[in-house]
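1. below are the sequence and a predicted model for it; my questions follow.
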Amino acid sequence: MIHPTQVGDDVEQLLELSASGPQVLADLDDCVRRLREVQAAKSALAQLSTEDVRRAIARRHLRLLTPESGS
């Protein structure tokens, strides 16, 4: 036999999970938007010349290695 306290705990967990639906959907929407941005960036990069991409990578690498002055 199930103890009433256990049923109450189960119902509480179900209510919490059910209430989280709108936030979960918002998070999923943000993830899908970000994934679309990633795909668009990949498409844009594919349109660039290899040399342009190499130069951009080199600049990014230097920027990451060089601490900003004035910090």
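-> Cool, the structure landed. Residues are numbered from 1 along each chain as shown.

2. export stretch 23-30 as CSV, just CAs?
-> Taking Å, rounded to 0.1, in the frame of the first residue of the first chain, the C-alpha atoms of stretch 23-30 are listed here in CSV:
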residue,chain,number,x,y,z
GLN,A,23,10.8,27.9,-19.0
VAL,A,24,11.9,24.6,-20.7
LEU,A,25,10.3,25.8,-23.9
ALA,A,26,11.9,29.2,-23.7
ASP,A,27,15.3,27.5,-23.2
LEU,A,28,14.7,25.2,-26.1
ASP,A,29,13.8,28.2,-28.3
ASP,A,30,17.0,29.9,-27.3
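
3. pLDDT on it, on average?
-> Averaged over stretch 23-30, pLDDT sits at 98.

4. ditto for stretch 47-67
-> On average, stretch 47-67 scores 95.

5. burial count for Asp52?
-> 11 (other Cβ atoms under 10 Å). For every residue, glycine as well, the C-beta is placed using N, CA and C.

6. again with Leu14
-> When neighbours are defined as other Cβ under 10 Å, Leu14 has 10 of them.

7. and what of Arg55?
-> Close neighbours of Arg55, defined as other Cβ under 10 Å, add up to 12.

8. element containing it?
-> Assigned by DSSP states H and E, Arg55 belongs to helix 50-65.

9. most centrally placed residue in this structure?
-> Most central in the chain under Cα atoms, centre = their mean is Cys31, positioned 5.2 Å from the mean C-alpha point.

10. okay, that one and Leu17: tell me how far apart.
-> According to Cβ to Cβ, to the nearest Å, Cys31 stands 19 Å off from Leu17.
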